[in-house]
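>>> would you be able to build a 3D model of this:
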Amino acid sequence: MEKIKKLHEISTIDGYLMVKKRALLDLISDKSDLVKLVNEGHTKKAVEAVYPFLYSKIAVVRATAIYVLGELGSKEAAPEIVRCLSDNTWFVREKAVEALQKLFPVSNP
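Residues are numbered from 1 along each chain as shown. Presented below is the predicted three-dimensional model:
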């Protein structure tokens with residue numbers, strides 16, 4: 001849970017984009033805090049910990065945050081992911097499509 005707290009603190013500091021990127025990548029590489037929150041029924045808190053990264057100036061950070069939201073499987077994140085479909089960077093839009101497909105799979109007849 002300490003990484004989640006640290007992540008939230010870092011995400012509120014403007015101008016430290018590389019620190020934000022590193023914090024998000026650290027969190028993703030060790031998903032234990034996010035998984036623990038989800039397993040304890042706190043998916044909303046896990047999702048909210050990732051939201052600030054959707055507004056990063058660094059496209060790879062936004063794309064990674066979208067990926068994490070898709071992996072968390074919370075359909076509550078869909079409106080934020082849909083907003084990312086209009087991102088200026090193609091791979092951010094691509095990750096948004098992939099995350100939405102993961103959240104709302106379409107079965108082939």
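>>> tell me the contacts of residue 98?
Each residue near residue 98 by C-beta atoms under 8 Å, 6 or more residues apart in numbering is listed here: 67, 70. (Glycine included, C-beta is placed from N, CA and C.)
>>> what about this protein, any weak spots by pLDDT?
1-42, 109 (pLDDT under 70).
>>> mind running it again at 50?
1, 4-19 (pLDDT under 50).
>>> name the helices or strands packed onto the host helix or strand of residue 47?
Per DSSP states H and E: residue 47 is located in helix 43-50. Helices and strands touching helix 43-50, by 3 or more C-beta pairs under 8 Å, 6 or more residues apart in numbering; DSSP states H and E, are helix 2-11, helix 32-39, helix 59-72.
>>> using CSV, list the CA coordinates for the longest one.
If I follow you right, that is helix 59-72. Only the C-alpha atoms of helix 59-72 are listed here, as CSV (Å, rounded to 0.1, in the frame of the first residue of the first chain):
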residue,chain,number,x,y,z
ALA,A,59,2.5,9.7,-24.1
VAL,A,60,4.0,6.4,-22.9
VAL,A,61,2.9,7.2,-19.4
ARG,A,62,-0.7,7.8,-20.6
ALA,A,63,-0.6,4.6,-22.6
THR,A,64,0.8,2.6,-19.7
ALA,A,65,-1.9,3.9,-17.4
ILE,A,66,-4.6,2.9,-19.9
TYR,A,67,-3.1,-0.6,-20.1
VAL,A,68,-3.2,-0.9,-16.3
LEU,A,69,-6.8,0.2,-16.2
GLY,A,70,-7.7,-2.5,-18.8
GLU,A,71,-5.8,-5.1,-16.7
LEU,A,72,-7.6,-4.0,-13.5
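>>> ok, then the element right after that helix?
Counting by DSSP H and E, what follows helix 59-72 is helix 78-83.
>>> so who does the nearest residue to residue 80 once chain neighbours are set aside touch?
Leaving aside its sequence neighbours, residue 80 sits nearest to residue 54 (C-beta to C-beta, 6 or more residues apart in numbering; 5.8 Å). By C-beta under 8 Å, 6+ apart, the contact set of residue 54 is 62, 65, 66, 80, 83, 84.
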